[in-house]
Structure formats: C-alpha cells, structure tokens
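Chemist: 3D, please:
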Amino acid sequence: LLAIFGNFVHCSFVLMHKLCNGKVPPLHATRLDQKDEQLIQDIEDAKIKIEQAIEHYKFREALFEVIDLARKGNRYMQEKEPWILAKSLEANPLNQQLIDNCLHLCLQLTANLAIFIHPFLPHTAKTLCHMMKVVDKMLEWKNGGRIKLLSVGYSLRAPELLFRKIEDSEIAYQLEKLAA
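Modeler: From the prediction side, this is the model:
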C-alpha cells in the first residue's frame with residue numbers, strides 16, 4: 001500500500017521538475033474541469049474522513065483513507081496524462097495550462113498527504129516537508145484539506161524515494177536471526 005503513496009509523490013515531483021522547471025505551477029481556474037474539481041473535493045473530504053476515524057480510534061481505517069487519497073491522486077494523474085500533453089505543446093501551447101493545473105493539484109495533494117500521514121509515519125511526513133522546502137509547522141492538522149499549501153512559483157527539491165523495497169533475502173536473514 002505504501003508503494004501507491006510513494007509512487008504518487010515521486011511521479012508528481014519528477015513531472016513537476018520535468019514539465020514546470022522545478023516550481024509549483026500556477027492554477028488556471030478558468031481551465032479547471034470536472035476531474036480537477038473532483039480531486040479538490042476528494043482532498044477536502046479526506047480530511048473529514050481521516051479525522052473522524054482517528055477520533056473513534058479506527059486507526060487502520062484512517063490510514064486506509066490516506067492511502068486511498070494517494071490512489072485517487074494516481075488515478076487522476078493517469079487520466080490527465082500531463083506527459084502526453086507535453087508532447088504536443090508546440091502544436092497547442094494552451095496545453096501548458098492543463099499541465100500546470102494537473103501538477104499544481106498533485107503537489108497540493110502531496111502537501112496534504114504529508115499532513116495526513118504525519119500521525120502514522122512522522123519521518124515520512126518530515127521527508128516530504130524537506131522535499132517541499134516547507135517547515136514542519138505545515139504539518140499542523142488545521143492545514144489539512146486545503147489546496148493552497150504550496151505557493152505558486154516556489155522551487156521544490158528533487159524527489160527522494162520515501163520507501164525502499166525490502167528484499168526477500170533480507171526478510172529471510174532476519175527470520176533466521178530470530179529463530180536463533
């Protein structure tokens with residue numbers, strides 16, 4: 001499940017560096033479509049769902065909502081295909097606005113994921129803050145559910161892998177140590 005989360009963040013940062021010069025692109029409100037509006041609503045709704053689950057000590061359910069939001073971000077990016085739009089920029093310069101909107105929302109979603117994952121994986125949240133060049137104060141719960149967490153034109157760091165795959169050989173080695 002964490003691969004979904006890590007993949008979304010990594011793709012968002014890689015594409016932002018490749019297609020937006022490493023900066024948070026502007027949001028072109030006149031070019032928002034139904035998918036954009038749905039993602040914005042999903043971010044707002046996620047905060048409420050996660051908050052309610054945590055308040056009722058349903059931590060697994062809360063964590064599922066965080067991962068589900070990352071999954072929705074992945075689906076959104078796959079449907080928007082900013083890498084395909086970039087191939088036709090010369091023929092259609094207005095595609096840059098669609099790319100900007102997609103990546104702006106993906107980066108705002110990433111900032112929200114940092115807030116939402118913080119109760120579960122604080123080190124991961126701090127790594128995201130480092131990548132976004134924001135202070136840990138951004139991780140305050142009251143900031144969640146917003147899409148204006150990262151300023152337009154702000155330079156972000158290169159992506160870092162949030163999680164590494166644990167190889168079967170490492171697991172086998174640790175199991176042998178435990179058995180001994």
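Chemist: by contact count, what packs against the helix or strand containing L103?
Modeler: Taking DSSP states H and E as the criterion, L103 maps to helix 95-117. Where contact means 3 or more CB pairs under 8 Å, 6 or more residues apart in numbering; DSSP states H and E, helix 95-117 is packed against helix 2-19, helix 34-55, helix 59-80, helix 82-87, helix 122-132. Where C-beta positions appear, they are placed from N, C-alpha and C, glycine not excepted.
Chemist: I'd like those as CSV, with distance to P26, mean neighbour count and mean pLDDT appended.
Modeler: Converted to CSV, these look like this (distance: least, CB to CB, whole Å; neighbours: other CB atoms under 10 Å; pLDDT from 0 to 100):
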stretch, distance to P26, mean neighbour count, mean pLDDT
helix 2-19, 12, 19, 94
helix 34-55, 13, 17, 98
helix 59-80, 16, 18, 97
helix 82-87, 14, 15, 95
helix 122-132, 17, 17, 95
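Chemist: ok, the most centrally placed residue in the chain - contacts?
Modeler: By CA atoms, centre = their mean, the chain has its centre lying nearest to T110, at 2.6 Å. By CB atoms under 8 Å, 6 or more residues apart in numbering, the contact list for T110 reads F8, V9, S12, F13, G73, L128, M132.
Chemist: okay, those residues in CSV with distance to E44 next?
Modeler: What follows is those, written out as CSV (distance: CB to CB, whole Å):
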residue, distance to E44
F8, 18
V9, 20
S12, 19
F13, 23
G73, 14
L128, 19
M132, 20
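Chemist: max pairwise distance over those residues: which two?
Modeler: G73 and M132 (15.0 Å; CB to CB).
Chemist: still on that earlier bit, now, which of the contacts of T110 sits nearest H104?
Modeler: Nearest to H104 out of these is S12 (CB to CB; 10.1 Å).
Chemist: D136 versus the closest one, what's the distance?
Modeler: According to CB to CB, to the nearest Å, S12 and D136 sit 20 Å apart.
Chemist: likewise for C102?
Modeler: From C102 over to D136 (counting by CB to CB), the distance is 27 Å.
Chemist: more neighbours, the two?
Modeler: Higher neighbour count among C102 and D136: C102, with 25 against 13, using other CB atoms under 10 Å.
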